[in-house]
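Enquirer: What follows is a predicted protein model with its sequence.
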Amino acid sequence: MSLTISIIREITPNEKRVALVPESVKKLTDKGFKIYIERGAGESASYPDSYYKESGAEVLEGPGEVLSRSQIVLKVQPPAPEEINAISPDSFVIGFLQHYKYPERVKMMAERKINAFAMELIPRITRAQSIDALSSQAAVAGYKAAIIAANLSSRFFPMLTTAAGTIRPSRVLVIGAGVAGLQAIATCRRLGAVVEAYDVRKAAKEEIQSLGARFLESPVVAEGAGGYARELTQEEKNAQHTFMADNIAKSDIVITTAQVPGRKAPVIVTADMVEKMRPSSIIVDIAAENGGNCELTKPGESVEHRGVLIYGPLNLPSTLPTHASEMYSKNLVNFLNLLTKDGKALDVDFNDEILQKSCITYKGETKI
Ligand code: NAD
């Protein structure tokens, strides 16, 4: 018997992505999976039902019909309570499950004996790179942050030499050079801006420089476990404040991406720093989802403070849904390769670090 996979329309407000794109459906049906998809599930990401049918999926009317038939449910956002109730016991659910935000849904899934795996908990190890959805979606966010900054700015990014004179390029500062920050740097560079970047991890220096940006040497180094940053001490925060203030004041655009795992995003850009920026400067704070790196950020909103615009966008990957879905869908297909064998038996090998660390409920038990 081949395994069945369900894709339903994401109902979380402003979520335009879809978990599987038609190209991935084709790959999975070729392997022997049977795919059911809710009518219109891919529409907001520009994948019409006809593409799914051509790729071998069966399009069904509503979420209930799709969910009741399936052994594996692929999601972007965590399933809502009514969706969890429609999923058959012993099924698998894979997606960004946000267990810290929705503990009651985790409990519901365990009670219904749904086996749940969270894409955000996949360890950032080399073997898991092709499954690493945090990275694929962070790359989308970093790119989009640069485009938004260019769009909001009243200045050119590149240097222009015209008959009307020479225009100096915009000066961009990227704070936090992880996956999103590096993509923001690369995109701003392609647009012609002069880019500087800063991170508390030493390893970021070489990566920043390889993209043609200047690394700001800071007195504060804060490497944490697993390649992440750690939270700064109060003394380090004070040193960072002094060091950042001048650099921020000189920038036309500041893009902030700094995160510390399991914590609220660190506040790095304070109100007094914003007040030293030139009017018409822009801050795009993509850590807004997690509180923001700027003291004045209001998640999901634009705030103007003494001529400086501070924008804290939410769910940036969803604003580029076609490619974000394509990347996420590939991550899911690669995850299914670990979880299943030849499109058939579900074979959860908990000796595998990737499966063990990403599992949040299994056979009625909560694993986190
Ligand atoms: P993240 O989203 O947790 O944080 C973004 C960046 O903010 C990080 O570079 C972090 O160092 C920086 N930061 C935190 N506090 C800061 C502060 N006070 N000031 C300035 N910068 C600050 O990070 P991420 O993008 O998920 O990546 C984190 C690490 O994981 C990186 O080392 C990356 O290379 C690594 N990684 C490895 C793999 C893999 O091997 N499979 C995949 C992805 C990422």
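Expert: Okay, I see it.

Enquirer: Please enumerate the helices of this structure.
Expert: Along the chain, counting by DSSP state H, helices occupy 22-30, 49-54, 63-68, 81-86, 103-111, 133-152, 179-190, 204-210, 234-249, 271-275, 321-339, 353-358.

Enquirer: Return the member of those having the minimum mean pLDDT.
Expert: Of all the helices of the chain, mean pLDDT reaches its minimum on helix 234-249 (a mean of 90).

Enquirer: For the closest residue to the ligand within the chain, grab the count of nearby residues.
Expert: Taking Cβ to the nearest ligand atom, the ligand has its nearest neighbour within the chain at Gly178, 2.2 Å off. The C-beta positions use only the backbone N, C-alpha and C, and glycine is treated the same way. By other Cβ atoms under 10 Å, 21 other residues sit near Gly178.

Enquirer: and it, what pLDDT?
Expert: If you check Gly178, the pLDDT there is 96.

Enquirer: How about Ala345?
Expert: pLDDT, Ala345: 69.

Enquirer: wait, doesn't Gly20 sit right on Glu326?
Expert: Quick fix: residue 20 is Leu, not Gly. No: the pair Leu20 / Glu326 is not scored as a contact, 9.9 Å apart, by Cβ atoms under 8 Å.

Enquirer: on that earlier part again, for the helices of the chain, give me TSV that also has mean neighbour count and distance to Gly291.
Expert: As requested, the helices of the chain are arranged in TSV below (neighbours: other Cβ atoms under 10 Å; distance: least, Cβ to Cβ, whole Å):
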stretch	mean neighbour count	distance to Gly291
helix 22-30	20	34
helix 49-54	16	38
helix 63-68	20	32
helix 81-86	16	26
helix 103-111	17	19
helix 133-152	22	16
helix 179-190	25	16
helix 204-210	15	22
helix 234-249	15	15
helix 271-275	16	15
helix 321-339	22	23
helix 353-358	18	25
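
Enquirer: closest one to Tyr36 among those helices?
Expert: helix 63-68 (4.8 Å; Cβ to Cβ).

Enquirer: If you count contacts, what does the closest one end up packed against?
Expert: Judged by 3 or more Cβ pairs under 8 Å, 6 or more residues apart in numbering; DSSP states H and E, the packing partners of helix 63-68 are strand 4-7, strand 34-38, helix 81-86.

Enquirer: any chance of the ones you listed in CSV, with distance to Asp285 too?
Expert: CSV is the format used below for those (distance: least, Cβ to Cβ, whole Å):
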stretch, distance to Asp285
strand 4-7, 32
strand 34-38, 34
helix 81-86, 31
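
Enquirer: Quick one: name the residues of the stretch 1-150 of the chain near the ligand.
Expert: Contact residues, the stretch 1-150 of the chain versus the ligand (Cβ under 6 Å from any ligand atom): Arg124, Ile125, Thr126, Ala128, Gln129, Asp132, Leu134, Ser135, Ala138.

Enquirer: pLDDT value on Met1, please?
Expert: 69.

Enquirer: Quick check: chain neighbours aside, which residue is closest to Thr322?
Expert: Nearest residue to Thr322 in three dimensions, chain neighbours excluded: Ser46, at 4.9 Å (Cβ to Cβ, 6 or more residues apart in numbering).

Enquirer: on that earlier part again, reformat the residues of the stretch 1-150 of the chain next to the ligand as a markdown table; add distance to Pro317.
Expert: Putting these into a markdown table (distance: Cβ to Cβ, whole Å) gives the following:
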| residue | distance to Pro317 |
| --- | --- |
| Arg124 | 18 |
| Ile125 | 22 |
| Thr126 | 23 |
| Ala128 | 19 |
| Gln129 | 18 |
| Asp132 | 14 |
| Leu134 | 10 |
| Ser135 | 11 |
| Ala138 | 8 |
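
Enquirer: Return the member of those nearest to Ala145.
Expert: Ala138 (10.3 Å).

Enquirer: CA atoms of stretch 214-229 as CSV?
Expert: What follows is stretch 214-229, C-alpha atoms only, in CSV (Å, rounded to 0.1, in the frame of the first residue of the first chain):
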residue,chain,number,x,y,z
ARG,A,214,32.9,45.7,5.3
PHE,A,215,32.9,43.8,8.6
LEU,A,216,32.6,46.1,11.6
GLU,A,217,35.2,45.0,14.1
SER,A,218,33.5,45.1,17.5
PRO,A,219,34.8,44.8,21.0
VAL,A,220,32.0,42.3,21.8
VAL,A,221,32.3,38.6,20.8
ALA,A,222,29.6,36.3,22.0
GLU,A,223,29.7,32.8,20.5
GLY,A,224,27.1,30.5,21.9
ALA,A,225,26.4,26.8,21.5
GLY,A,226,25.8,25.1,18.1
GLY,A,227,27.2,28.0,16.0
TYR,A,228,24.6,30.4,17.4
ALA,A,229,25.2,33.7,19.3
